[in-house]
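# One predicted model, sequence on top.
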2 protein chains.
Amino acid sequence: MAPLASWLDIDPKSHFSIYNLPFGIISTSGESTPHVAVAIGDYALDLHAFAQQNGFSALSIIQPHQQVFSQPTLNGFAALGRPMHRVVREYLQSVLLKDGPFPDAFEKNKQLQKAALKPIEICKMHLPMFINDYTDFYAGLNHAYNVGVLFRGPQNALQPNYKHLPVGYHGRASSVVVSGTPIKRPNGQILANPTAEVKEPIFSESKKLDIELELGCFVCKPSSLGDPVRIADAPQHLFGIVLLNDWSARDIQAWEYVPLGPFNSKNFGTTISPWVVLMDALEPFAADGITNDTQVLPYLNEKGPKSHYSIDLSVSLTTASGNTSNIGKTTAKNLLFSFPQMLAHHTIGGCPFNVGDLLGSGTISGESKSEKGCLLEQTDNGKTEISLEGGEKRKFLENGDQVTITGCCGTEDGALVGFGECTGKIEPAVKISF
Amino acid sequence: MAPLASWLDIDPKSHFSIYNLPFGIISTSGESTPHVAVAIGDYALDLHAFAQQNGFSALSIIQPHQQVFSQPTLNGFAALGRPMHRVVREYLQSVLLKDGPFPDAFEKNKQLQKAALKPIEICKMHLPMFINDYTDFYAGLNHAYNVGVLFRGPQNALQPNYKHLPVGYHGRASSVVVSGTPIKRPNGQILANPTAEVKEPIFSESKKLDIELELGCFVCKPSSLGDPVRIADAPQHLFGIVLLNDWSARDIQAWEYVPLGPFNSKNFGTTISPWVVLMDALEPFAADGITNDTQVLPYLNEKGPKSHYSIDLSVSLTTASGNTSNIGKTTAKNLLFSFPQMLAHHTIGGCPFNVGDLLGSGTISGESKSEKGCLLEQTDNGKTEISLEGGEKRKFLENGDQVTITGCCGTEDGALVGFGECTGKIEPAVKISF
Ligand SMILES: [Ca+2]
Ligand SMILES: [Ca+2]
Ligand SMILES: [Mg+2]
Ligand SMILES: [Mg+2]
Ligand code: NI
């Protein structure tokens, strides 16, 4: 058993152990205004209610800022900075601890428990942050290599810049949605015959709808135009991590992306998990990423502690007939660049950041067949099929398919630091007539 | 003389004639909270003060919404929709008109004039909209062709998709700044020797700092995830137009942009003019763009009125020594796709829009040498020099250079519909030590 135990009854297999305490935005039927909560076991600890009823009585430093817990996004709390995140999270751990230092604050306060502990299943989850800008990187080396082999062969699989900088593109902030939001299959231009001499697009729903298994990282500290974030300072700018599914329409992408990058193939929806796992909660799982055999320039050279995380990631697909199959398992260590490196690179020319801005890692794949983070890789761009439970097969996603990403750090009962689920179900394309 | 004349003394050469009335956000030393104004001649008509002192007495329909004029962005006003923009603008025209229908409202109300008319030179201009998402297109056919010739030769200058869809990429909303904001030369990775077999980047300030002459168009009507905006409805989603300078670092761009598009080469600053010229003001100047010799798919097929505008555009460069040279003149008709087409394409897969989202046109160039909208084209990527007044020469921008874009519709005295200026001055790069 883990050394820290709560007076609250928590399933030892819960992603939301007392070691985690991720932050999210909830509403309930009785309380329809979204506000801040932390997940603990099967409960959402409603911090709006907790603060209102004096739950923070023994943490005076947060008291002038308690209105952040009544806000409909985590931006206000995030903006308080990492030292404050740490003391708030540690205080919440201490009041949830069995025989902790402040038993009167919560353990013995039945009225506060009744007001602030809500069964997680009655909570509606909202997008945790207001996102002004979203950037998606491409730091999953195995993914970049596998995709490069598919399109350019093994000799030129990786572009010359790939190991020198975290390649990325600006994504569409408005298209980021919270787990559970249905995703309509996009319409767009595709090539019916990609090998024809004359490239003639047709209007069609995407027939190559795919997932991308990624992490997302939220920024908690703003930076100004013309003011680069130094690599050593970058960790203080990071708030926490979520699971991210960068839904992708491969046929739309193939036609549109030259020369300016992915556009409509990506902006029809990007799903994130609702609970933001704080950087402090991840620290015990810090790990090395993929070793870069290229010497990076000094502005990307990390000298501090390890900045990748040993997060076990898993993707499952549930078909309309109800069969669920695991379609990939890997680890978040399969990244060539870390979030601090991404932020240092993103700002090196002076690009400004706001609190709540989101960085996507890029698709995370391992080296083996079972570790690939998208169907494009798993099926060699639709040339082969994967087999699902119940005998179904897939090249790409079909209508009614529900894809769920899970992620978790650790294996010890009662001490898991997990992300919960990032899920979405494919709905038929909009019918458009002219 | 133009048939509409104001009782206010307006320079007949002013961009801000009574036919224009563009909207912007001002503050003054006495009133530091930004709020809404319209430009008229040498004045900003402060709509916060105007509304407070009952200037809208004869326009009852706006009265329940007058708080939008006290907001620090135009988003609230924009969200009221195009029919409301039209009646407000026409009402303001009517109260500014000499011997207009409501002389008591403004012409004879000296107290209101004193409260609401501020010399434009004492006003600080702010970013007119809160921009959640910014997308930059590439619809300037001549620019795309010229750049394509430079990098791929005349046979493959345009990619196969170019005439089928408005090619674009997601830009960085946080990097959009208002005219006058200084721009620091970006640092980043560049190839010291681009033709070397082994591509080895160095860390450097950009040595190929460039401009891009563009228009920006603001969206005033939201659209939801999975809900495409039909081409026929798109004009109702457009609020107004500004001048846009998409500062670009060509050496950073060349190294970073494969395969996901421009990133740090663009996100260090994008300057827009402060006054938003409403779509209604531009309607008399509606024109055909470049004829597309490719039949577009029905979702991009415009059947309504002309949707390009005859805007005369001009770029000048003032060096640190004070010499000002015109370095390009062209017209906004040099676009292959219109803003309604861009919006219809952008949303066809379901990408959602918020009020205040910004669409960039892409660099606008004509066919002749004097009509090129960026230095990359003018100097063949730095192979030749352009000559400036006073004997200076340029391949790309130097520190202390100030670039000013102007744009204007019409030539008739007293009836110009202009954009004012979009200007920015290059400051030295940040010195970074490791
Ligand atoms: Ca992605
Ligand atoms: Ca541009
Ligand atoms: Mg990806
Ligand atoms: Mg451009
Ligand atoms: Ni005022």
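Thanks, I have it. Numbering: from 1, shown residues only, chains lettered A, B, ... in the order given. Ligands and ions are numbered 1, 2, ... in the order given.

# which regions of chain A sit below the pLDDT cut-off?
Along chain A, segments meeting pLDDT under 70 span A:1-2.

# Domain map for it?
What automatic domain parsing lists as the domains of chain A is A:23-126, A:134-427.

# among these, which is the most enclosed?
domain A:134-427 (a mean of 21; mean count of other CB atoms under 10 Å in any protein chain shown). Yep, even glycine has a C-beta here, placed from its N, CA and C like the rest.

# could you dump the domains of chain A to JSON lines with distance to ligand 5?
Output for those, formatted as JSON lines (distance: least, CB to the ion, whole Å):
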{"stretch": "domain A:23-126", "distance to ligand 5": "29"}
{"stretch": "domain A:134-427", "distance to ligand 5": "26"}
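
# Ligand 2: which of those domains is closest?
domain A:134-427 (9.1 Å; CB to the ion).

# near ligand 3 at all, that closest one?
Yes: Domain A:134-427 lies within reach of ligand 3 by CB under 5 Å from the ion, at A:212, A:246, A:363.

# any idea how far the first one is from residue A:186?
Yep, that's residue A:212 we're talking about. Distance of residue A:212 to residue A:186, given as CB to CB, to the nearest Å: 15 Å.

# try the last one
Between residue A:363 and residue A:186 the computed distance is 18 Å (CB to CB).

# Nearest to ligand 4, out of the domains of chain A?
Ligand 4 lies closest, by CB to the ion, to one member of these: domain A:134-427, at 9.2 Å.

# measure that closest one end to end?
24 Å (CA to CA, to the nearest Å).

# That domain near ligand 1 at all?
Yes: Domain A:134-427 reaches ligand 1 (CB under 5 Å from the ion) through A:136, A:212, A:246.

# what's the helix or strand for the first one?
Assigned by DSSP states H and E, residue A:136 belongs to strand A:134-137.

# Report all helices and strands that the helix or strand following that strand contacts.
Using DSSP H and E, the helix or strand that follows strand A:134-137 in sequence is helix A:141-152. Counting contacts by 3 or more CB pairs under 8 Å, 6 or more residues apart in numbering or on different chains; DSSP states H and E, helix A:141-152 is packed against helix A:375-378.

# Show me the contact partners of the helix it packs on.
A:143, A:146-147, A:150, A:208, A:210-211, A:248, A:250, A:327-328, A:365, A:369, A:372, A:386, A:394-397 (CB atoms under 8 Å, 6 or more residues apart in numbering or on different chains).

# same thing with stretch A:322-331?
Residues outside stretch A:322-331 that contact it (CB under 8 Å, 6+ apart) are A:213, A:310-318, A:364-366, A:370-373, A:375, A:378, A:386, A:388-390, A:392.

# Can you flag which of those residues belong to helices?
Within the contacts of stretch A:322-331, residues falling in helices by DSSP state H are A:375, A:378.

# Give me every residue in the stretch 1-150 of chain A that's in contact range of ligand 1.
residue A:136.

# what about the nearest residue to residue A:280 once chain neighbours are set aside, distance to ligand 3?
Excluding the flanking residues, the one nearest residue A:280 by CB to CB, 6 or more residues apart in numbering or on different chains is residue A:86, at 5.2 Å. The gap separating residue A:86 from ligand 3 is 31 Å, by CB to the ion, to the nearest Å.

# Quick check: residue A:342 is in a helix.
Yes: assessed by DSSP: H, G, I helix; E, B strand; the rest coil, residue A:342 belongs to a helix.

# Does it touch residue A:357 like I think?
No: using CB atoms under 8 Å, residue A:342 makes no contact with residue A:357, being 11.2 Å away.

# Overlap of the contact sets of these two?
residue A:135.

# what's near enough to touch the closest residue to ligand 1 within chain A?
Nearest residue of chain A to ligand 1, counting by CB to the ion: residue A:246, 3.5 Å away. Residue A:246 makes contact with A:136, A:171, A:211-212, A:214, A:266, A:270, A:360, A:363, according to CB under 8 Å, 6+ apart.

# Then residue A:266?
Counted by CB under 8 Å, 6+ apart, residue A:266 has contacts A:136, A:171-172, A:175, A:246-249, A:253.

# run the last query once more with 7 Å
By CB atoms under 7 Å, 6 or more residues apart in numbering or on different chains, the contact set of residue A:266 is A:171, A:246, A:248.

# Rebuild these as a markdown table, extending it with secondary structure.
Converted to a markdown table, the contacts of residue A:266 look like this (three-state DSSP):
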| residue | secondary structure |
| --- | --- |
| A:171 | coil |
| A:246 | coil |
| A:248 | strand |
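
# of these, closest to ligand 3?
Distances from ligand 3 to the contacts of residue A:266, taken by CB to the ion, are shortest for residue A:246, at 4.4 Å.

# Find the residue closest to the closest one in space, skipping its chain neighbours.
Per CB to CB, 6+ apart, closest to residue A:246 is residue A:212, 3.8 Å.

# The one you found contacts residue A:248, correct?
Yes: the pair residue A:212 and residue A:248 qualifies as a contact (CB atoms under 7 Å) at a distance of 5.6 Å.

# Now the residue in the stretch 301-434 of chain A that chain B sits nearest to. Nearest residue, chain neighbours left out?
The minimum distance from the stretch 301-434 of chain A to chain B, using CB to the nearest CB, falls at residue A:349 (3.3 Å). Nearest residue to residue A:349, sequence neighbours excluded (CB to CB, 6+ apart): residue B:186, at 3.3 Å.

# wait, that neighbour sits on residue B:268?
Yes: the pair residue B:186 / residue B:268 is scored as a contact, 4.1 Å apart, by CB under 7 Å.

# Name the residues contacting each of the two.
What both residue B:186 and residue B:268 touch, as defined by CB under 7 Å, 6+ apart, is the set A:349-350.

# From residue A:310, how far off is the closest residue to residue A:276 other than its chain neighbours?
Nearest-residue entry for residue A:276: residue A:240, 3.9 Å, with adjacent residues in sequence omitted and distances by CB to CB, 6+ apart. Applying CB to CB, the value for residue A:240 to residue A:310 is 16 Å.

# tally of neighbours for the closest residue to residue A:107 other than its chain neighbours?
Counting by CB to CB, 6+ apart, residue A:7 is the residue found nearest to residue A:107 once chain neighbours are left out, at 4.8 Å. For residue A:7, the neighbour count with other CB atoms under 10 Å in any protein chain shown is 16.

# One more: residue A:9?
Neighbours of residue A:9 using other CB under 10 Å come to 8.

# Alright, that wraps it up for me.
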